[in-house]
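>>> got a predicted model here, sequence first, then my questions.
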Amino acid sequence: LSTGYFSLIVICKERIEKMMRAKFFSFVVAALIVVGAVAPVGANEPAKDIVDTAVAAGSFKTLVAAVQAAGLVDTLKGKGPFTVFAPTDEAFAKLPAGTVDALLKDKEKLKKILLYHVVAGNVMAKDVVKLKSAKTAEGGSVKINAKGGKVMVDNANVVKTDIVTSNGVIHVIDTVILPK
C-alpha cells in the first residue's frame, strides 16, 4: 500500500474512533440523565414502616413487644398515615414494678394504652407545636403543651421529633402516657 492510502486509513480510523467516543459519551450522559430523573421518585421516601423503624432503632424493644402482644403490628404496618408518640424502653422502665408484665397479660388494657399514643395523620413537629390537643386512636385526646422550646404530650417530654417512616411519623417521648 502506498503512503497516501495508509494515511487515509489512519485518518478514517481516527475519525471513526472519535465518533464512537462522542456517541459513547452521549449515551453515558443520556443514561445519567435518565437515572437522575428516575432515581428521585421514591428516593426520599423511607423504606421502613413505623414498626420496622421502631425495631431498627433498638430503643423501643418494650414498645415493640407491647405492640405485638396487643395485636397491633398489622395496624401499625398499615397504610396510615399515623403519628406515634413512642415511649422509649427507659420510659417503660419508669412504670411501677410489674406494670409492664401485667399489661402484657391484659390485651385490651394494653391495646387501649398503646392506641392512646397514636394520632391519625402525619403530624410533624412544626404542626404539633401549634396544637393544644390531639385526638388519639384510642378515642381520647392528649394534651399538648409547647413552651420555651419544649413540647409535652400529657406528662411526657418529646425528646426527638420527626422520625419519618413510610406510613407516618414517630415522635419519641420519655414517659408512657395513660388515657384518662
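Done, it's in.
>>> and stretch 133-147, end to end?
14 Å (C-alpha to C-alpha, to the nearest Å).
>>> just stretch 57-66 next, same as before
16 Å.
>>> and if you look at stretch 82-91?
Stretch 82-91: ends 21 Å apart by C-alpha to C-alpha.
>>> just the CA atoms of whichever strand in the chain runs longest, as PDB, please.
Secondary structure of the chain per DSSP state E: the longest strand is strand 156-165. Coordinates of each C-alpha in strand 156-165 appear next as PDB, following Å, rounded to 0.1, in the frame of the first residue of the first chain:
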ATOM      1  CA  ALA A 156     -44.300  13.200  78.700                       C
ATOM      2  CA  ASN A 157     -41.500  15.300  77.200                       C
ATOM      3  CA  VAL A 158     -41.000  15.000  73.500                       C
ATOM      4  CA  VAL A 159     -37.300  14.200  73.200                       C
ATOM      5  CA  LYS A 160     -36.900  13.500  69.500                       C
ATOM      6  CA  THR A 161     -39.200  14.500  66.600                       C
ATOM      7  CA  ASP A 162     -40.000  13.800  63.000                       C
ATOM      8  CA  ILE A 163     -38.700  10.300  62.500                       C
ATOM      9  CA  VAL A 164     -40.300   9.800  59.200                       C
ATOM     10  CA  THR A 165     -41.500   6.400  58.100                       C
END
